[in-house]
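Engineer: Just to be clear, the model below is a prediction. Sequence and coordinates:
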Amino acid sequence: MRVSEYVRHDAVGLAELMAEGEVSPAEVEAAAREAVRTVDPAIRAVVETWPADDRPAPGSTPLAGVPFLIKDFGISMAGRRTEMGSRLAAGHVARSDSFLMRRFRRAGLVTLGRTATPELAYSITTEPVLYGPARNPWDPGRGAGGSSGGAGAAVAAGAVPLAHATDAAGSLRIPAAYNGLFGLKPTRGRVSMGPALDEGFNGLAVQGCVSRTVRDSAALLDLIRGPEPGDPYFAEQPRIPYSEEVTRAPGPLRIGVLPQAWGGRRTTAPVADALERTVRLLESLGHRTEEVAVGLGAGWEEFVLANARLSTANLAASVDSLAAALGRPVDSSTLEPSTLAAHRYGQRVSGPQFVDALALRNRVARALAGFFGTHDLLLTPTLPELPPLLGAYGEGAEALDGLGWIDRLNDRSPFTMAFNVAGTPAMSVPLTADTGTGLPVGMQFAAGLGREDLLFRLAGQLERAQPWSGRTPAVWAGAVPKPLRGDS
């Protein structure tokens, strides 16, 4: 199988070819490895590749034999390094598979390596000191987003059709938006975080993937959803597989539209234009849209402060545990300035402050539940701006404390965090591109708790009405990428 043929198929399509005997799993794997070698020098999305451990029988699952990459964070694969983008964890090897890794194996995925993440996944741009920045394949001078930036860049460039991603503040949806991909953050408890964790960041973090087609994300979520023994809670299982929901008509929906976020920076003109085009598309499909004001149950500054306390306290505990296990210091030799500042801030969070932050989490969840009692979905831009240039997020980071860093992240991504706090599903859909630059612009749709079914129905309808699979970036595995200036 040539790479030019490999990139024409999504994950479901590749699995079907193998099941029908039109191509062998070995040929697909070889094409994937060649695709990685072709694009990665230009985007630096893949940290490491390795020989595949699994050889699933073609046709044994809807994704059997599909090449796959896992994120260098939030998952463990026995015998493979898990460095979390940090010098603190450099060389760390996982002893066993996490529950999710076991499910990826049972899903028939062939894991070829791991993708880049910012240090400890604590940024919305993937520019770690440990292995350098991941670049956006649409414009390699721009960032790929984060914290699943390596996954987003690799999938967008055609290295693999889908890849593992996590989302604690938008970390799946942000790279999906910046790289022109589909990315759905599931409901809290939909996918197990175990066995090492009962929940990530007090329930704000979830597991998922980014993909080039809606049906790939639906197929994978069908294969990894559901509780594991010892999980503290789990989301009610769907009556119909998500892969079937993609082909079902959603019917006319009542969709609220939020053009400007609760706080943070204002939506820029290119993104506002993309939002207007999306609204027109929705109305042409028979949906009712209306601009709305959506309460969070708290003011923006209080919202940011509570999330800073939750996230930095969790980070501090993780850093201290990792440092003790590996016998390494917690200082500038192991952590970047922003992470070190967040660690110090988290160490000072008191018990009552932490409990107050959890109480705000409840208030946000109740407020958004009230909105979804009167509307089917909420539409926002995924992000208020086009992908920033590399280095923009880190400017002046050494002068920020932990609260300042979290405030910066919420300022640059003010639409995404609320749905992590509430635990509700949300997706970024690559419906439009900036008319001036051609850069992708993601649109975010959020739904009530457990309503991934509704999101998949709408996503399938939108993909059929305005397909995006024909749009390919400058760095694309089906073509020879141009070398970057200054690269050796």
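Structural biologist: Sure thing, it's come through. Just so it is clear, the structure is predicted and the values come from calculations on it, not from any experiment. Numbering: from 1, shown residues only.
Engineer: And the strands in this protein?
Structural biologist: Assigned by DSSP state E, the strands in the chain fall at 46-49, 67-71, 110-115, 135-136, 139-143, 162-167, 182-185, 206-211, 254-257, 288-291, 377-381, 426-433, 440-447.
Engineer: possible to save these as TSV with mean pLDDT and mean neighbour count?
Structural biologist: Any C-beta I mention is one placed from the backbone N, CA and C, and that applies to glycine too. Shown next, in TSV, are the strands of the chain (pLDDT from 0 to 100; neighbours: other CB atoms under 10 Å):
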stretch	mean pLDDT	mean neighbour count
strand 46-49	98	20
strand 67-71	98	27
strand 110-115	98	25
strand 135-136	98	30
strand 139-143	98	22
strand 162-167	98	30
strand 182-185	98	31
strand 206-211	98	29
strand 254-257	98	18
strand 288-291	98	13
strand 377-381	98	25
strand 426-433	97	26
strand 440-447	98	26
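Engineer: Go through these and name the closest to Pro25.
Structural biologist: Between Pro25 and those, the shortest separation by CB to CB is 7.2 Å, and it involves strand 110-115.
Engineer: How about residues contacting the closest one?
Structural biologist: Applying CB atoms under 8 Å, 6 or more residues apart in numbering, the external contacts of strand 110-115 come out as 25, 29, 32-33, 36, 45-50, 52-56, 65-72, 77, 80-82, 104-105, 134, 148, 150-151, 153-154, 160, 163-164.
Engineer: Which ones among those residues lie within helices?
Structural biologist: Among the contacts of strand 110-115, the residues falling in helices (DSSP state H) are Pro25, Glu29, Ala32, Arg33, Val36, Phe104, Arg105, Gly150, Ala151, Ala153, Ala154.
Engineer: Contact partners for the fourth one?
Structural biologist: Just to be clear, that refers to Arg33. Counting by CB under 8 Å, 6+ apart, Arg33 has contacts Thr49, Pro67, Leu112.
Engineer: so which of the strands of the chain gets nearest Gly391?
Structural biologist: Across the strands of the chain, the minimum distance to Gly391, taken as CB to CB, is reached by strand 139-143, at 8.5 Å.
Engineer: Distance to Asn314 for the strands of the chain - can I get that in JSON lines?
Structural biologist: Conversion of the strands of the chain to JSON lines gives the following (distance: least, CB to CB, whole Å):
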{"stretch": "strand 46-49", "distance to Asn314": "24"}
{"stretch": "strand 67-71", "distance to Asn314": "18"}
{"stretch": "strand 110-115", "distance to Asn314": "22"}
{"stretch": "strand 135-136", "distance to Asn314": "29"}
{"stretch": "strand 139-143", "distance to Asn314": "24"}
{"stretch": "strand 162-167", "distance to Asn314": "14"}
{"stretch": "strand 182-185", "distance to Asn314": "18"}
{"stretch": "strand 206-211", "distance to Asn314": "15"}
{"stretch": "strand 254-257", "distance to Asn314": "31"}
{"stretch": "strand 288-291", "distance to Asn314": "35"}
{"stretch": "strand 377-381", "distance to Asn314": "26"}
{"stretch": "strand 426-433", "distance to Asn314": "21"}
{"stretch": "strand 440-447", "distance to Asn314": "23"}
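Engineer: Which one of these lies nearest to Pro414?
Structural biologist: Nearest of those (CB to CB): strand 377-381, 9.2 Å.
Engineer: And for that closest one, what's in contact with it?
Structural biologist: 253-259, 261, 267, 271-272, 274-275, 278-279, 282, 289, 292, 294, 371-372, 415, 441-447, 454-455, 458.
Engineer: how far is it from where the chain is centred?
Structural biologist: Strand 377-381 has its average C-alpha position 17 Å from the chain's average C-alpha position, going by CA atoms, centre = their mean, to the nearest Å.
Engineer: How about stretch 59-72?
Structural biologist: For stretch 59-72, the separation from the chain centroid amounts to 17 Å (computed by CA atoms, centre = their mean).
Engineer: Dump that stretch to CSV, restricted to CA.
Structural biologist: Extracted C-alpha coordinates of stretch 59-72, given in CSV (Å, rounded to 0.1, in the frame of the first residue of the first chain):
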residue,chain,number,x,y,z
GLY,A,59,-12.3,-8.0,10.9
SER,A,60,-12.3,-8.9,14.5
THR,A,61,-13.3,-5.4,15.5
PRO,A,62,-14.4,-2.3,13.5
LEU,A,63,-10.8,-0.9,13.9
ALA,A,64,-8.8,-4.1,13.8
GLY,A,65,-5.3,-3.5,12.4
VAL,A,66,-5.5,0.3,12.3
PRO,A,67,-2.3,2.2,13.1
PHE,A,68,-2.5,4.3,16.2
LEU,A,69,-0.5,6.6,18.4
ILE,A,70,-0.9,7.2,22.2
LYS,A,71,-0.3,10.5,23.9
ASP,A,72,2.8,10.8,26.2
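Engineer: okay, now Arg361: neighbour count?
Structural biologist: Other residues near Arg361 number 22, with proximity taken as other CB atoms under 10 Å.
Engineer: Phe354 versus that one, what's the distance?
Structural biologist: With distances taken as CB to CB, to the nearest Å, Arg361 is found 11 Å from Phe354.
Engineer: who touches both of those two?
Structural biologist: Taking CB under 8 Å, 6+ apart as the contact rule, Arg361 and Phe354 both touch Leu310.
Engineer: Most neighbours among the ones in helices among the contacts of strand 110-115, which one?
Structural biologist: Within these, neighbour counts (other CB under 10 Å) peak at Ala151, which reaches 41 neighbours.
Engineer: thought it was touching Tyr178?
Structural biologist: No: between Ala151 and Tyr178 no contact is recorded; they are 11.7 Å apart, counting by CB atoms under 8 Å.
Engineer: re the thing from before, Leu403 is nearest to which of the strands of the chain?
Structural biologist: Scanning the strands of the chain with CB to CB as the criterion, the closest one proves to be strand 162-167, at 21.9 Å.
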